[in-house]
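J.: Whatever this is, show me its structure:
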Amino acid sequence: MTDFLPLRKLRVLDFSQNLPGPVLTRLLADLGAEVIKLEPLQGEGLRWMPPHIKGIGATFGGLNAGKKSLAVNLKKAEGATFVRALVAHVDVVVESFRPGKLAALGLGAEELMELNPRLIVCSLSGYGQSGSMANVAGHDVNFLARAGVLGLTGPADAPPTMPGVQVADVGGGSLSGAVGILAALLEREHTGRGRHLDISLMRSSAAFGAVAFAGMASGYVERRGDGFLSGGLPSYRCYEAADGRYMALGALEPQFFAKFCKLVGRGELAARGYARGSEARAVIAEMTQIFKSRTSLEWLDFCAGQDVCLSLVRTPGEAMDDPELGAVIRNVDGFTVVSPHVGVNPPLPERGPSELGADCAQLISELQIEHELVRAAVDAGALLGMDADWSDDG
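T.: Numbers count the residues shown, from 1 in each chain. So this is what the prediction gives:
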């Protein structure tokens with residue numbers, strides 16, 4: 001079967017740094033898009049953040065393998081002018097600056113779409129492009145906190161549990177942004193015009209609280225550690241095994257919990273998987289003792305082939321060794337590339353991350369950027385990867 005590359009004719013100019021934008025453009029690249037990553041002359045911070053592989057940050061390399069690199073000083077007028085010339089040749093711009101920063105440089109969404117009316121601009125920010133919170137600093141935990149999602153995690157008698165992964169950044173920002181871009185591309189086929197997408201990581205991450213929010217319509221208010229999905233049910237929580245490892249019991253439907261209880265010889269507990277309050281605490285205490293009767297490996301062997309929804313809580317290293325994840329966690333030139341799974345296995349990027357600014361000359365030639373604009377940017381020291389004596393005839 002041929003590779004699934006439906007975006008092979010798409011060109012993306014990626015202004016974004018760190019995580020949400022690069023994960024988004026990682027997905028677009030995996031689907032065939034040509035992604036041009038634009039960095040400051042010194043490179044984005046993640047490029048140099050340890051641990052390193054071949055002198056490049058391991059995280060940066062995994063997120064940006066296969067993308068092309070441009071390094072431009074946008075604060076210099078010549079650099080911004082050079083970038084405006086690029087915009088005529090791209091389909092999508094992804095950016096994650098503070099709201100208003102690009103507009104102050106003459107590179108805001110409205111300005112770019114005037115240059116290229118078919119352009120789709122995807123702006124990723126914590127709280128959106130407008131409103132009282134627009135320029136408030138924040139990170140993943142802040143967006144989840146404000147969205148009411150962080151308050152659902154962790155036990156009732158302790159602080160909310162830090163997720164350990166970037167839920168708002170990736171789930172709220174990267175994936176919501178990708179869906180928006182793909183929808184805008186489809187719309188453009190009918191209208192001939194692009195669109196500015198204002199993706200708020202806080203607003204998008206509220207979708208992870210959909211079950212809790214929906215329940216509130218009936219008057220039910222879920223308290224941390226007491227909800228159906230946050231450890232309040234005996235049938236849906238993590239239990240410690242005899243060896244100190246944890247087992248995730250996901251027997252949410254009654255038939256799964258009943259089967260587990262009968263399997264361990266405790267059929268009298270089968271109807272109490274949805275117990276609440278003091279009854280739930282009593283059942284959980286009994287379940288805790290049951291799980292401490294076997295090691296994690298013994299539990300896996302004991303429940304093998306049984307529909308009881310029991311899994312070992314793996315470490316990331318253990319997960320990487322699973323061949324079932326081999327299609328999305330892969331090695332490219334020594335860098336670990338994690339590709340979002342969209343129902344088909346994406347092809348490997350052809351190479352690891354580019355050296356900073358390494359693709360500048362090739363892109364200028366391919367896109368036929370005017371000599372005068374390049375010359376001005378080179379003379380101003382606003383463009384990396386071009387010799388000071390550059391000329392369009394080589």
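
J.: residue ranges with poor pLDDT in the stretch 1-150 of the chain?
T.: Across the stretch 1-150 of the chain, the ranges flagged by pLDDT under 70 are 1.

J.: name the helices or strands packed onto whatever helix or strand Leu363 lives in?
T.: Per DSSP states H and E: Leu363 is located in helix 360-367. Other helices and strands packing on helix 360-367, by 3 or more Cβ pairs under 8 Å, 6 or more residues apart in numbering; DSSP states H and E, are strand 68-71. In this view, the C-beta of every residue, glycine as well, is placed from N, C-alpha and C.

J.: Who does the strand it packs on pair with, and is each partner parallel or antiparallel?
T.: If you go by DSSP bridges, strand 68-71 pairs up with strand 34-39 (parallel).

J.: got a list of contacts for the partner strand?
T.: The contact list for strand 34-39 (Cβ atoms under 8 Å, 6 or more residues apart in numbering) reads 10-15, 17, 22, 25, 28-29, 47, 64, 66-72, 83, 86, 90, 354, 356-357, 359, 363.

J.: Just the buried residues of the residues you listed.
T.: Taking 16 or more other Cβ atoms under 10 Å as the criterion, what is buried in the contacts of strand 34-39 is 10-15, 17, 22, 25, 28-29, 47, 64, 66-72, 83, 86, 90, 354, 356-357, 359, 363.

J.: Same question for stretch 274-285: list its buried residues.
T.: Judged by neighbour count (16+ other Cβ under 10 Å), stretch 274-285 contains these buried residues: 274-275, 280, 283-284.

J.: do the same with stretch 288-307
T.: Residues of stretch 288-307 classed as buried by neighbour count (16+ other Cβ under 10 Å): 290-291, 294, 296, 299, 303.

J.: before we move on, back to that, which ones among the contacts of strand 34-39 lie within helices?
T.: Counted as lying in helices by DSSP state H, out of these, are 22, 25, 28-29, 47, 64, 83, 86, 363.

J.: and these as CSV, adding distance to Asn142?
T.: Below are the ones in helices among the contacts of strand 34-39 laid out as CSV (distance: Cβ to Cβ, whole Å):
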residue, distance to Asn142
Pro22, 20
Thr25, 23
Leu28, 26
Ala29, 28
Arg47, 25
Asn64, 25
Val83, 30
Leu86, 33
Leu363, 36
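
J.: Which of those lies at the shortest distance from Gly326?
T.: Gly326 lies nearest to Ala29 out of those, by Cβ to Cβ, at 19.0 Å.

J.: pretty sure that closest one contacts Val92?
T.: No - contact between Ala29 and Val92 fails when scored by Cβ atoms under 8 Å: they sit 11.6 Å apart.

J.: Next one: the spatially closest residue to Gly43 that is not a sequence neighbour relative to Ile364, how far apart?
T.: Among residues not flanking Gly43 along the chain, Leu356 sits closest, at 4.7 Å (Cβ to Cβ, 6 or more residues apart in numbering). Counting by Cβ to Cβ, to the nearest Å, the gap from Leu356 to Ile364 is 16 Å.

J.: what does Leu112 give?
T.: 19 Å.

J.: Nearest spatial neighbour of the residue in the chain sticking out farthest from the centre, chain-adjacent residues omitted?
T.: What lies farthest from the middle of the chain is Glu268; by Cα atoms, centre = their mean that is 43.5 Å. Nearest non-adjacent residue to Glu268, counting by Cβ to Cβ, 6+ apart: Cys261, 7.7 Å away.

J.: unless I'm mixing things up, Leu115 is touching Val87, no?
T.: Yes - look at Leu115 against Val87 with Cβ under 8 Å: they come within range, at 5.1 Å.
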